[in-house]
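K.L.:
my questions concern the predicted model and sequence given below.
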Amino acid sequence: MGIERGFVLEDLSVSCRGACLLQGITMTIPDGRILLVAGESGSGKSSLGRVLTGLIPHQYAAEVSGSVRLDGEEILDRTPEQLAGGVAHVAAEPWSRFFQITVREELAFGPRNLGWSRERTDSSILETAELLELSSLMDRRIDTLSAGQLQRLSIGTALVMESQWLILDEPSAYLDLPTLHRFTASILDIHRLRRPGIVLLEHRLGEFAPIADDVAILSGGSLVFHGTREQFEGRADDLCGSFGLRHPDIRDTSDWGGTIGVSTLPPGAEPLLEMKNVSFSYGSRKVLDSLSLSAYSGEILALTGLNGSGKTTLARMAAGLLKPDDGEVRLNGERIRSADGRIAGMLFQDPAGMLFFDSVMSELLSGPENYGVDSGVEAFEELVLNMSLDGLLSRHPLRLSRGQRLRVAIATVLILSPRLVILDEPIRGQDWRSLSRMMGYLERYVKDSGSVCILISHECRLIRSFADRIALLEDGVVKATGSLLRGPETQGDTA
């Protein structure tokens with residue numbers, strides 16, 4: 001009998017400083033199939049991906065027991081470098097893994113390290129760039145790319161290696177909707193052409209379940225379901241309801257064309273945030289072009305648009321982190337001249353960069369202590385509960401899951417009660433239950449305090465469920481803005 005090709009995990013357990021990350025995982029992932037791994041925030045998805053790529057235990061210190069075999073060979077003692085030719089990994093934070101200056105150089109980095117010929121390298125780069133729409137960015141500096149463009153490049157560095165296995169950790173997190181749909185199609189193209197095994201660690205089941213052969217669900221580090229896509233679809237209502245996941249029948253399909261209506265504002269309403277004829281350039285590249293936008297007290301204004309349209313630059317300017325080349329930005333009638341967390345608080349795309357202390361409790365208390373303000377015991381407890389951080393206050397923030405870190409970062413913003421709250425892609429690492437709870441709390445905060453929230457996201461369901469108005473950016477200008485026309489399917493949407 002021949003050796004079964006693929007990953008075989010037997011009684012795999014992983015823990016770090018007493019915290020259980022994975023517990024008794026036994027499963028087979030056959031070669032050449034697409035496995036979708038889902039689960040609530042902190043369920044162990046990223047830890048599983050790191051084990052399969054050798055990052056655990058060789059780069060992330062952890063206690064590991066059990067067995068992980070690839071094509072019959074034990075790999076727990078093999079480093080990521082030793083696995084690199086056959087297993088490629090795309091990390092959830094795309095900016096954490098680049099080594100070169102330009103997109104072209106970064107795509108060539110892996111193949112050159114493996115000693116590929118120039119002809120093979122160039123051919124694979126060309127094919128990868130076309131699949132991921134990177135061709136127009138080949139000579140761009142990596143530090144000038146948007147988060148979505150960085151995400152595509154990160155995926156490209158894995159695809160270009162023509163590996164036997166692709167481990168993709170939340171590859172949709174920063175992709176605009178058209179790019180996401182083209183990406184899922186390109187995954188199928190790659191699978192048909194090369195037949196790699198693909199492990200997708202994802203929350204967006206509507207986009208990825210249709211292309212998967214098999215589905216696994218983790219909860220609390222344990223494997224609670226593993227079966228074919230058809231078996232999962234037969235139990236989707238029960239599984240998604242039990243574990244707070246997005247249902248695979250709910251998909252982002254809107255282009256916003258029929259959902260933006262005329263703004264309905266109270267007569268004589270004065271904007272709390274006002275941007276007038278704002279322009280901004282990075283060197284010779286103009287990002288915002290005479291943009292004007294207003295946001296009103298008590299509203300959540302969703303900001304969406306294609307990758308690279310200027311959303312994050314606009315957000316940084318509203319938070320006082322960037323100054324416009326032309327035009328002005330006012331909050332409550334006053335020009336924003338510098339960043340102040342009591343006035344404007346922002347969740348960055350890299351929440352780990354906002355965390356500095358050795359416990360969640362210390363993180364939450366640091367802002368009030370720095371500014372000399374008192375958040376109040378009752379308000380603190382409500383914030384902790386609604387950010388789903390109860391039970392995590394003594395944990396080190398950087399040892400939490402990606403979704404938990406993001407909620408800690410948002411809590412450090414909200415604890416200062418700013419008049420303007422900016423969330424730049426808050427869906428990362430979030431199951432729908434945790435995301436709904438967090439956004440429900442934010443919605444109440446905005447209404448009760450008369451503040452404003454700028455919600456930057458590509459996820460249609462999130463915007464339809466919680467935003468009052470929407471602004472659509474395109475090439476640095478506001479292409480359309482108005483109130484959301486909500487259908488009955490978006491009201492009370494919590495499953």
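P.N.:
Thanks, I have the structure now. Numbering: from 1, shown residues only.
K.L.:
going by C-alpha atoms from here, please, whenever you check contacts or count neighbours.
P.N.:
OK.
K.L.:
what's the end-to-end length of stretch 13-24?
P.N.:
End-to-end distance for stretch 13-24: 5 Å, by C-alpha to C-alpha, to the nearest Å.
K.L.:
also stretch 170-182?
P.N.:
Its start and end residues considered, stretch 170-182 measures 16 Å (C-alpha to C-alpha).
K.L.:
pull out the buried residues from that stretch.
P.N.:
Residues 170-177, 179-181 are the ones in stretch 170-182 that count as buried (16 or more other C-alpha atoms under 10 Å).
K.L.:
mind putting these in CSV, distance to residue 432, secondary structure and pLDDT included?
P.N.:
Below are the buried residues of stretch 170-182 laid out as CSV (distance: C-alpha to C-alpha, whole Å; DSSP: H, G, I helix; E, B strand; the rest coil; pLDDT from 0 to 100):
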residue, distance to residue 432, secondary structure, pLDDT
170, 14, coil, 89
171, 17, coil, 87
172, 15, coil, 85
173, 14, coil, 80
174, 17, coil, 81
175, 18, coil, 82
176, 19, coil, 84
177, 18, helix, 84
179, 22, helix, 83
180, 19, helix, 86
181, 20, helix, 86
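K.L.:
which one of the residues you listed is nearest to residue 316?
P.N.:
Nearest to residue 316 among the buried residues of stretch 170-182 is residue 174, at 17.0 Å by C-alpha to C-alpha.
K.L.:
how much space separates the closest one from residue 332?
P.N.:
31 Å.
K.L.:
all strands of the stretch 301-450 of the chain, in order?
P.N.:
Taking DSSP state E, counting those that start in this stretch as the test, the strands found in the stretch 301-450 of the chain are 326-331, 334-335, 344-347, 420-424.
K.L.:
verify the stated contact: residue 387 with residue 412.
P.N.:
No - counting by C-alpha atoms under 8 Å, residue 387 stays clear of residue 412, with 10.6 Å between them.
K.L.:
which SSE is immediately downstream of the lowest-mean-pLDDT helix or strand in the chain?
P.N.:
Across the helices and strands of the chain, mean pLDDT, DSSP states H and E gives its lowest value to strand 260-261, namely a mean of 70. Tracing the chain past strand 260-261, the next element assigned as helix or strand by DSSP states H and E is strand 271-282.
K.L.:
re earlier: and of the strands of the stretch 301-450 of the chain, who's closest to residue 29?
P.N.:
Of these, nearest to residue 29 by C-alpha to C-alpha is strand 420-424, at 34.7 Å.
K.L.:
which residues does the closest one contact?
P.N.:
273, 312, 315, 319, 343-349, 410, 413-414, 451-457 (C-alpha atoms under 8 Å, 6 or more residues apart in numbering).
K.L.:
export that strand to CSV, keeping only CA atoms.
P.N.:
C-alpha atoms of strand 420-424 as CSV (Å, rounded to 0.1, in the frame of the first residue of the first chain):
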residue,chain,number,x,y,z
LEU,A,420,-14.7,60.8,16.3
VAL,A,421,-14.1,57.1,16.0
ILE,A,422,-12.4,55.7,12.9
LEU,A,423,-12.4,51.9,12.3
ASP,A,424,-10.1,50.9,9.4
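K.L.:
that one pairs with which strands, parallel or anti?
P.N.:
Applying DSSP bridges, strand 420-424 is found paired with strand 344-347 (parallel), strand 452-456 (parallel).
K.L.:
now these as TSV including mean pLDDT and mean neighbour count?
P.N.:
Compiled in TSV, those are given as follows (pLDDT from 0 to 100; neighbours: other C-alpha atoms under 10 Å):
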stretch	mean pLDDT	mean neighbour count
strand 344-347	94	25
strand 452-456	96	25
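K.L.:
pipe the ones you listed into TSV and attach distance to residue 157 per row.
P.N.:
Formatted as TSV, the strands paired with strand 420-424 follow (distance: least, C-alpha to C-alpha, whole Å):
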stretch	distance to residue 157
strand 344-347	27
strand 452-456	26
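K.L.:
so for residue 134, which of these sits nearest?
P.N.:
Nearest of the strands paired with strand 420-424 to residue 134, taken as C-alpha to C-alpha: strand 452-456 at 23.1 Å.
K.L.:
show me where pLDDT drops low in the stretch 351-495 of the chain?
P.N.:
Residue ranges of the stretch 351-495 of the chain with pLDDT under 70: 485-495.
K.L.:
can you show me the helices along it?
P.N.:
Ranges of helices in the stretch 351-495 of the chain, per DSSP state H, counting those that start in this stretch, are 360-371, 377-386, 402-414, 432-449, 460-466.
K.L.:
what's the angle between the fourth one and strand 420-424?
P.N.:
Calculated by axes from the mean of the first three to the mean of the last three C-alpha atoms, to 10 degrees, helix 432-449 forms an angle of 160 degrees with strand 420-424.
K.L.:
how about helix 432-449: buried residues?
P.N.:
432-439, 441-443, 445-446.
K.L.:
beta partners of residue 19?
P.N.:
Here residue 19, judged by DSSP bridges, has bridge partners residue 16.
K.L.:
what about residue 238, distance to residue 337?
P.N.:
Residue 238 is 51 Å from residue 337, where distance means C-alpha to C-alpha.
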